[in-house]
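Undergrad: okay, sequence plus prediction incoming.
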Amino acid sequence: MMIEQILDEQQEPLVNIRNMSVSFDGQAVLRDINLKIPAGETLVLLGESGCGKTVLMKTIIGLVQPDWGEVLFDGQDINTLNEQQLSHLRLRFGFVFQNAALFDSMTIGQNVAFPLRQHGRFSGAQVRDMVIARLSEVGLPDSVVQKKPAELSGGMRKRVGLARALIMNPELIMYDEPTTGLDPIMSDVINELIIRTRRRNPVTSIVVTHDMNTARKVADRLVMLMPLHRLKPGESQIVFDGIPADLDTTRDRRVRQFVNGEAGERLMELRSQNPYESTQVGDHS
């Protein structure tokens, strides 16, 4: 075994989830999740709607409290922190929301600078320079600084959201469906920005997506979750954990069906649940 491999195995992962479960109003969403994310890795979370991907992300940053288990960030159990400590820890996180989640009443410059104004101690000139630098990183000119979000395209707003996530130099960035609603070319622009961000900054990334082009392009590693109601008792909720190339050789038909967008088996389930549906879907001869 090489020395570098031994050191990698001994190094504490940046995110370490141990036997973690989450439920809402008695309805289980995540069950006995174990997941390690090394520093510098780009992890893509896959899975159909309702499998708990977004809940998992929110649990990692302390927005959702698990019923049991541990969520460690840089070796520290975030569920033992008080609100002030948790607020300070979140300065190390960046979050790119699905719909950019920009403040409509603020200019682009004010949106990107918002985390600095909330938590930083910088002069006005320093803030402006940092905002322009981050906008430049995501391919936007400084002429957008005075514009409002409504004046920008969807792809440009997504890039503004990324610039805002980067402004505090986070160690962990989370992307929630970063290419949703974008055309294929702009989706690839966002994918390239995710890759470029990782290359330029020592950052760990977690990407939630249904877009298999994004998943294959940006991921160092892919993890796929299944909704609990589609699992057998005691079966792991993580049904795939591997590199993108492993998707093409997996023997798990559920993973293959998701990756290839095959709805045949699910249509059969819908028909069995709704007899009327079986007369409306399928054979029209």
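TA: Sure thing, it's come through.
Undergrad: export the one helix or strand Pro115 maps to to CSV, keeping only CA atoms.
TA: Remark: Pro115 resides in helix 108-119, with elements defined by DSSP states H and E. Extracted in CSV, the C-alpha atoms of helix 108-119 (Å, rounded to 0.1, in the frame of the first residue of the first chain):
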residue,chain,number,x,y,z
ILE,A,108,-26.7,42.2,-7.8
GLY,A,109,-23.8,43.8,-5.9
GLN,A,110,-25.8,43.9,-2.7
ASN,A,111,-26.9,40.3,-3.1
VAL,A,112,-23.4,39.0,-3.6
ALA,A,113,-22.1,41.2,-0.7
PHE,A,114,-24.9,40.1,1.7
PRO,A,115,-22.8,37.5,3.6
LEU,A,116,-20.0,40.0,4.0
ARG,A,117,-22.3,42.7,5.4
GLN,A,118,-23.8,40.1,7.8
HIS,A,119,-20.6,38.6,9.0
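Undergrad: what's in contact with the following helix or strand past it?
TA: Sequence order places helix 124-137 as the next helix or strand after helix 108-119, per DSSP H and E. Contacts of helix 124-137 with the rest of the structure, by Cβ atoms under 8 Å, 6 or more residues apart in numbering, involve 108-109, 112-113, 116-117, 120, 122, 141-142, 144-145, 160, 163-164, 166-167, 196-197, 200. C-beta here means a position set from N, CA and C on the backbone, and glycine is covered the same way.
Undergrad: tell me what angle whichever helix in the chain runs longest forms with helix 124-137.
TA: Longest helix in the chain by number of residues (criterion: DSSP state H): helix 184-200. If you take axes from the mean of the first three to the mean of the last three Cα atoms, to 10 degrees, helix 184-200 sits at 120 degrees to helix 124-137.
Undergrad: next structured bit after helix 184-200?
TA: Next element after helix 184-200 (DSSP H and E): strand 204-208.
Undergrad: same for that next one, what does it pack against?
TA: strand 42-46, helix 53-60, strand 172-176, helix 184-200, helix 212-218 (3 or more Cβ pairs under 8 Å, 6 or more residues apart in numbering; DSSP states H and E).
Undergrad: that strand: partners in the sheet, and parallel or antiparallel?
TA: strand 42-46 (parallel), strand 172-176 (parallel) (DSSP bridges).
Undergrad: could I get those as CSV with distance to Asp25?
TA: Shown next, in CSV, are those (distance: least, Cβ to Cβ, whole Å):
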stretch, distance to Asp25
strand 42-46, 24
strand 172-176, 23
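Undergrad: CSV for these, including mean neighbour count, mean pLDDT and distance to Phe97?
TA: Conversion of these to CSV gives the following (neighbours: other Cβ atoms under 10 Å; pLDDT from 0 to 100; distance: least, Cβ to Cβ, whole Å):
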stretch, mean neighbour count, mean pLDDT, distance to Phe97
strand 42-46, 24, 96, 15
strand 172-176, 23, 94, 6
